[in-house]
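Visitor: what would the 3D arrangement of this be:
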Amino acid sequence: MHIAFFNPQGNFDPADSYWTQHPDFGGQLVYVKELALAMAAQGHRVDIVTRRIIDPNWREFSAPIDRYPDSDAVRIIRVPCGGDTFLPKEKLWAHLAEWVGNIVAFYAQEDALPEFVTTHYGDGGLAGVLFRGKTGVRFSFTGHSLGAQKMDKLHAGAENLAALDARYHFTERIFAERLAMNHASMIVTSTMQEKREQYAHRAYRGAVDPLGADEDRFVVIPPGVNRRVFSPEPGELDAAIGERLTAAIVRDIPPARRRLPLVLLSSRLDPKKNHIGVVQAFAESASLRAVANLAIVVRGVDDPLQQRAQLPPAERAILDEIVRVLDENDLWGAVTSFPLNNQHELAAAYRRAAARKSVFALTAHYEPFGLAPLEAMSCGLPAVVTRNGGPSESMIELSTRKKYGILVNPADPADIARGLMAALSPLSAWETLRAAGIERVTSRYTWERTAAGYIDAISAARHRVLQHGTLAIPPWFSDPRPENSIPLSELAHLYGTNTGN
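Guide: So this is what the prediction gives:
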């Protein structure tokens, strides 16, 4: 089968340039690349279609066609729109009709349309709607994250809706998501919870009914772990990362505590990741302090807790709060921090931490899926994870109630401490969790399984009678001139906020 992926934001190249360094080059790109490669390995031809950039500051993305060295069956096709310079994802909406027109022209030159399109994020989804309108080729929609949930997290209301919309372009995003949901032949979610809660949000009423008429178009396909990187088998960076970790421990931890296991926090510094919850658990639990030290990973700074002034203000504010708790509770002898700068270093750190009988912690207030705990588990490091969101499905097999990790209440430091203690002690509990974690990843969360799930669902969707696509494409997407701009009142109405222009 010939399958195209529509992903206009960010970009792709063999070196994975700028990944994790730029807001437009995050986990969605990892998802698309790994899924495309896994599909190709199963005998399919795959095109990753993105935007061409001819800009001296982004030299990696100027070639119209590129390939990954380990797969001849995957092409990176870069199609121009909106000029040559890099545009952040919030600025792409007005150019997507042009982008789709150029994609149609590209495939016309080849005289071979793809047989199916998978679309990603709201902008890719809108492109799928426009492309289907021009070619009839069906598409799937994988939202990754939806605009309405981000509006919820930002506490959108009458007093701030205009400012939030000016920054994040929620009006375009919500309308694009509604169109993509309505016109897609299938909708892919990572968890049942995502289907039940996110797509049932009031902002999407009238576009999709995930628990009723449209339920058969939804398919739950979890993403996978890159086992080429995240494996319990020793890697070439293990020794160097082990030395880095040891140097940080010697610098920060007194001799009597240096052999203790670690509670490893490796998620990015973001308030929603709730680093402070684990720090407060250490402050409140003498039992936890007796059996483990806390290790905090921060990219790009050798001694993050002491050099936090070098970080951006938002990240520095999180570390400032952590330092305040350390000072108030005299915790400095139980905490270290050090940098990890890419996935290979992170995997090596997980393996070295596992050798110390340590645990991974992610106590986010809400985690839509939670791939990071699975990556740690794949390296043999047990995980203690928030109960809010996707981990409630990945850490427990619902049919048997078997536990593969430990879930905690992120709002309760005492419960976080309880979960960490349960993973760390006795040693037999740690060993059981380690084995269960590896089993969980290898049996369910691999890209090979993700690709097979997509292919099966695509085959079914291509033969399903279409009973959707009732929403008309508004002029601001098909002909995005200033006179066709979207009134803010439309977003206010859909979101349920009594304001508008």
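Visitor: low-scoring stretches of the chain, by residue?
Guide: Screening the chain residue by residue with the criterion pLDDT under 70, one finds the ranges 20-21, 466-468, 498-501.
Visitor: ok, now which ones touch Ile473?
Guide: Contacts were defined as CB atoms under 8 Å, 6 or more residues apart in numbering; by that measure Ile473 touches Val129, Leu130, Gly133, Leu179. The C-beta positions use only the backbone N, C-alpha and C, and glycine is treated the same way.
Visitor: helices or strands up against the host helix or strand of the third one?
Guide: Element membership for Gly133, per DSSP states H and E: helix 121-135. For helix 121-135, the packing partners by 3 or more CB pairs under 8 Å, 6 or more residues apart in numbering; DSSP states H and E come out as strand 2-6, helix 96-110, strand 116-120, strand 139-142, helix 170-183, helix 475-478.
Visitor: quick one: the strands in the stretch 201-350 of the chain, in order.
Guide: 218-220, 262-265, 293-297, 335-338 (DSSP state E, counting those that start in this stretch).
Visitor: make TSV out of the helices and strands packed on helix 121-135 and add mean neighbour count and distance to Gly469.
Guide: Output for the helices and strands packed on helix 121-135, formatted as TSV (neighbours: other CB atoms under 10 Å; distance: least, CB to CB, whole Å):
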stretch	mean neighbour count	distance to Gly469
strand 2-6	24	17
helix 96-110	17	16
strand 116-120	27	14
strand 139-142	27	11
helix 170-183	25	4
helix 475-478	18	15
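Visitor: so which of the ones you listed comes closest to Ala354?
Guide: Nearest to Ala354 among those is strand 139-142 (31.7 Å), distances taken as CB to CB.
Visitor: what helices and strands are in contact with the closest one?
Guide: Identification of packing neighbours for strand 139-142 by 3+ CB pairs under 8 Å, 6+ apart yields strand 116-120, helix 121-135, helix 170-183, strand 186-189, helix 447-462.
Visitor: longest single strand anywhere in the protein?
Guide: strand 71-79 (DSSP state E).
Visitor: parallel or antiparallel, list what pairs with it.
Guide: Strands that pair with strand 71-79, judged by DSSP bridges, come out as strand 45-51 (parallel), strand 65-68 (antiparallel).
Visitor: closest one to Glu483 among the ones you listed?
Guide: Evaluated over these, closeness to Glu483 peaks at strand 45-51, with 25.5 Å, by CB to CB.
Visitor: circling back: winner for burial among the strands of the stretch 201-350 of the chain?
Guide: strand 262-265 (a mean of 26; mean count of other CB atoms under 10 Å).
Visitor: still on that earlier bit, how about the strands of the stretch 201-350 of the chain in JSON lines, adding distance to Lys89?
Guide: Shown next, in JSON lines, are the strands of the stretch 201-350 of the chain (distance: least, CB to CB, whole Å):
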{"stretch": "strand 218-220", "distance to Lys89": "25"}
{"stretch": "strand 262-265", "distance to Lys89": "28"}
{"stretch": "strand 293-297", "distance to Lys89": "27"}
{"stretch": "strand 335-338", "distance to Lys89": "31"}
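Visitor: tell me the buried residues in the longest strand of the chain?
Guide: Ala73, Val74, Arg75, Ile76, Ile77, Arg78, Val79 (16 or more other CB atoms under 10 Å).
Visitor: need these in a markdown table with distance to Arg289, can you?
Guide: As requested, the buried residues of strand 71-79 are exported to a markdown table (distance: CB to CB, whole Å):
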| residue | distance to Arg289 |
| --- | --- |
| Ala73 | 53 |
| Val74 | 49 |
| Arg75 | 54 |
| Ile76 | 49 |
| Ile77 | 54 |
| Arg78 | 53 |
| Val79 | 56 |
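Visitor: now Pro254: how far from Asn293?
Guide: 10 Å (CB to CB, to the nearest Å).
Visitor: what ranges do the helices span in the stretch 301-450 of the chain?
Guide: 313-329, 343-355, 371-378, 391-394, 413-424, 427-444, 447-462 (DSSP state H, counting those that start in this stretch).
Visitor: among the ones you listed, which is the most enclosed?
Guide: Of all the helices of the stretch 301-450 of the chain, helix 371-378 has the most neighbours on average by mean count of other CB under 10 Å, namely a mean of 27.
Visitor: hmm, who's touching that one?
Guide: 27, 223, 225-227, 230-232, 264, 266-267, 346-347, 350, 360, 362, 382-383, 385, 391, 394-395, 404-405, 437-438, 440-442, 445.
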